[in-house]
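Chemist: sharing a model that was predicted from the sequence below.
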Amino acid sequence: MSDELVQVAIFGSKWEAELATQQLKAGGIDAYVGSDSAGGMIPSLGMAEGHRLLVRSDDVEAAVAVLEGEAADDDPTADEAPSDSED
């Protein structure tokens, strides 16, 4: 098992990165948010550089699959076939 952290996504807001982190953790993947705020002195610095979603190098493929699945689930009707019936 490798402890090297790899960036799998970058977000413009910390809350988006935290939501993705929780999604990965729910799937059994350890995930971390990396961002620079100058030790809390300049919180807006993260908006400029982004909030990085990091996972262990061994978990990259699984993490990407979970994140891509999350994106596909945004449209709940995406898997529904069009209805031909006129009720």
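Modeler: The structure has been received and is ready for your questions. Only a predicted model underlies this, so the values are computations on that prediction, with no experimental measurement involved.

Chemist: chain neighbours aside, what residue packs nearest to Asp58?
Modeler: Of all residues not flanking Asp58 in the chain, Ser2 sits nearest, at 5.3 Å (C-beta to C-beta, 6 or more residues apart in numbering). In this view, the C-beta of every residue, glycine as well, is placed from N, C-alpha and C.

Chemist: okay but that neighbour is in contact with Val60, surely?
Modeler: No: using C-beta atoms under 8 Å, Ser2 is not in contact with Val60, being 10.0 Å away.

Chemist: report pLDDT for the residue nearest to Gly27 when sequence neighbours are not counted.
Modeler: Nearest residue to Gly27 in three dimensions, chain neighbours excluded: Val66, at 4.9 Å (C-beta to C-beta, 6+ apart). pLDDT for Val66: 93.

Chemist: quick one, strands of the protein?
Modeler: Assignment of strands within the chain using DSSP state E yields the ranges 5-11, 31-34, 51-56.

Chemist: partners of the second one, with directions?
Modeler: Sheet neighbours of strand 31-34, with direction, are listed as strand 51-56 (antiparallel) (DSSP bridges).

Chemist: thanks a lot, see you next time.
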